[in-house]
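>>> okay, structure incoming, though there's no sequence with it:
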Ligand code: SF4
């Protein structure tokens with residue numbers, strides 16, 4: 001029997017896992033006691049990882065136009081069809097849509113092929129649906145997409161504010177760490193701000209059940225309150241920031257009396273003032289936020305409203321302090337590191353970063369091959385699919401994601417995919433919803449088979465290690481992409497034989513002409529040049545990792561110097577806006593969406609473990625008892641939601657956790673598991689104008705018995 005240390009492939013906590021295997025089967029998993037993300041803990045999803053494995057239901061042979069083919073035929077067909085489309089319709093007529101499930105090495109090679117050598121900027125990722133607003137806000141304010149905090153800060157804080165985050169279900173090991181820290185330190189306080197009463201409230205000293213979408217109003221109100229009570233850290237603001245006057249002017253444009261803010265946010269004024277007082281009077285405050293903030297048509301502003309309060313109080317760059325965005329997916333951050341968002345180029349450089357296009361072009365040039373990088377950013381997720389609808393993009397390669405389930409207006413997205421001239425899909429599972437639209441299917445390896453790295457929510461790079469052979473003819477994503485690149489004439493630049501080769505190149509690019517450039521904190525040049533054994537043995541480490549910080553960096557901006565050109569953080573004036581989609585007579589209920597504790601995304605893996613299905617066995621609609629009564633709905637009855645893009649059938653769960661006039665549905669179910677419970681089908685495609693993130697937390701729906 002063998003043991004391999006690896007990383008859980010589900011949420012952004014990035015827990016270390018010890019897998020016991022015999023080279024064919026993983027018999028058991030346990031938490032890695034030495035991994036700093038979890039110190040031996042696993043949640044129920046992580047502890048059932050081995051129950052989701054097995055070759056049944058896997059994709060094992062490539063397919064072209066519905067028929068099984070060998071790899072040479074599949075690869076040649078992809079290369080030929082992509083080249084034909086580019087020849088007829090231009091470089092930018094092809095696109096890729098990736099996933100936070102991919103490993104950093106896979107992401108790097110895909111980004112290099114599409115942006116570097118195919119000359120199209122249209123490569124985006126499902127991470128756009130998850131944390132794009134948090135990224136945009138960090139960049140606007142701190143100068144870089146650089147999470148300042150780490151998990152220990154949650155344990156060291158005097159006050160932890162959880163806003164738009166059901167930590168207990170969505171990042172359970174972090175919740176366990178926080179609960180333990182609170183038990184050890186009775187003076188620690190936890191505030192939960194969420195329209196729903198969730199299991200996270202179990203550890204809350206104070207709960208604010210706010211009106212959906214009123215978060216920016218609340219944090220603007222906090223900023224104004226701190227100003228009125230002389231609780232701003234004027235010395236910190238003077239030395240390290242810009243923009244406090246503009247941010248305050250925006251905040252003061254609204255009625256800043258506690259009663260008015262409480263009324264707009266629909267919370268009790270005394271509780272609100274208690275929160276304001278706790279925030280303003282503690283230095284060691286962490287505000288942890290997630291999709292409840294990000295998935296909004298004003299998500300970037302909401303994130304900035306939070307960051308403003310931290311900057312205004314000097315609550316950043318210290319142990320136990322900072323605005324902390326927690327990512328949903330295991331490698332959302334690794335994807336950002338290589339340029340996996342359409343507005344990024346590579347290694348955290350954007351198209352408009354001075355000198356970036358030239359720098360990346362020179363770095364990627366190999367022998368006789370010169371890359372042809374686009375000059376401007378590409379289309380972001382929803383925009384990319386709309387470009388397919390217009391006929392502007394005629395081929396899309398989708399890797400490890402189900403956009404016909406998870407994108408808003410999902411039924412329209414499905415029609416778009418059905419009409420797209422060329423859809424290439426790389427996936428592991430034969431029941432992936434996306435396969436019904438694929439002209440070409442490429443079977444990919446999965447967790448326990450793949451080798452590479454992921455980066456978790458605290459900037460910690462960890463190894464995922466392969467221990468089993470992929471089933472049938474399934475292959476690693478980096479290999480598939482490199483093979484296509486080679487057949488399109490770019491082999492010299494994609495001559496990789498191992499993911500360690502790719503990681504080395506990625507690490508070198510992060511440090512390329514980056515010495516001493518504080519506007520580019522993403523630098524892992526200290527990890528360049530690892531030989532195969534050192535890469536295999538790589539221990540979890542937080543970036544930056546370079547000559548200055550060879551052991552990694554636990555916390556950023558500790559000296560008050562930020563990643564902006566002048567080193568000062570920016571406070572951003574925020575004018576709160578509510579959800580875009582208005583309620584109407586026929587759709588009078590506000591829709592909220594999210595995850596359930598024991599499922600992951602579109603369930604292709606977690607539905608394979610019976611004990612994970614037991615928690616919530618079927619799609620449901622959570623509704624307040626008074627709404628249920630007024631609609632003649634009983635608990636456990638089947639009902640139908642009617643939304644902007646379609647309908648959804650689920651079983652009613654009558655619950656006092658809901659506010660009146662609001663309903664909640666889970667995001668997971670799709671055609672493979674239920675023909676009529678696709679959350680994305682209910683939502684209209686409203687986007688944040690800065691980040692392009694869809695407003696997946698808000699819809700307008702009607703509800704009726706089936
Ligand atoms: Fe995996 Fe997240 Fe659970 Fe950790 S908390 S075991 S990373 S799902």
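Yes, it's here. As the structure is a computational prediction, the values presented were derived from the model and not from experiment.

>>> near the ligand, which residues of the protein?
Counting by Cβ under 6 Å from any ligand atom, the chain comes close to the ligand at 8, 10-11, 13-15, 38, 42-43, 45-46, 171-173. (C-beta placed from N, C-alpha, C; glycine too.)

>>> so what's the residue of the stretch 151-300 of the chain found nearest the ligand up against?
Ranked by Cβ to the nearest ligand atom, the top residue of the stretch 151-300 of the chain for proximity to the ligand is residue 173, at 3.7 Å. By Cβ atoms under 8 Å, 6 or more residues apart in numbering, residue 173 lies in contact with 13, 15, 37, 38, 41, 42, 43, 46.

>>> of the residues of the chain next to the ligand, which is the nearest to residue 590?
For the residues of the chain next to the ligand, the residue nearest residue 590 by Cβ to Cβ is residue 171; the value is 24.6 Å.

>>> burial measure for the nearest residue to that closest one once chain neighbours are set aside, as a count.
Spatially, and ignoring its direct neighbours in sequence, residue 171 is nearest to residue 13 (5.1 Å; Cβ to Cβ, 6 or more residues apart in numbering). Residues near residue 13, counting by other Cβ atoms under 10 Å, number 30.

>>> next up, the contacts around residue 13.
Contacts of residue 13 (Cβ under 8 Å, 6+ apart): 37, 38, 171, 172, 173, 174, 326, 456, 457.

>>> on that earlier part again, top of the contacts of residue 173 by neighbour count?
That'd be residue 13 among those, by other Cβ under 10 Å, with 30 neighbours.

>>> ok, that residue to residue 542 distance?
Residue 13 is 14 Å from residue 542, where distance means Cβ to Cβ, to the nearest Å.

>>> between the contacts of residue 173, which is closest to residue 99?
Among the contacts of residue 173, and counting by Cβ to Cβ, the member closest to residue 99 is residue 13, at 17.8 Å.

>>> what helix or strand is the closest one located in?
Residue 13 belongs to no helix or strand when assigned by DSSP states H and E.

>>> same deal with residue 45?
Following DSSP H and E, one finds residue 45 within helix 44-47.

>>> may I see the buried residues of that helix?
Within helix 44-47, the residues that count as buried by 16 or more other Cβ atoms under 10 Å are 45, 46, 47.

>>> then stretch 587-599?
The neighbour-count check on stretch 587-599 (16+ other Cβ under 10 Å) flags 587, 589, 590, 591, 592, 593, 594, 595, 596, 597, 598, 599 as buried.

>>> who touches the helix holding residue 45?
Helix 44-47 has contacts (Cβ under 8 Å, 6+ apart) with 8, 10-11, 15, 17, 29-31, 172-173, 597-600, 606, 611-612, 615.

>>> against the ligand, how distant is residue 596?
In this view, residue 596 and the ligand are 12 Å apart by Cβ to the nearest ligand atom, to the nearest Å.

>>> that residue reaches residue 172, doesn't it?
No - counting by Cβ atoms under 8 Å, residue 596 sits too far from residue 172 to count as a contact (11.8 Å).

>>> direction included, what does the very next helix or strand once past the helix holding residue 45 pair up with?
The helix or strand immediately downstream of helix 44-47 is strand 63-64, counting by DSSP H and E. Note on strand 63-64: by DSSP bridges, its sheet partners are strand 67-68 (antiparallel), strand 440-443 (antiparallel).

>>> any idea of the mean pLDDT in strand 63-64?
What strand 63-64 shows for mean pLDDT is 98.

>>> chain center to that strand: distance?
Offset of strand 63-64 from its chain centre (Cα atoms, centre = their mean, to the nearest Å): 31 Å.

>>> report the secondary structure element holding residue 133.
Counting by DSSP H and E, residue 133 is part of helix 132-142.
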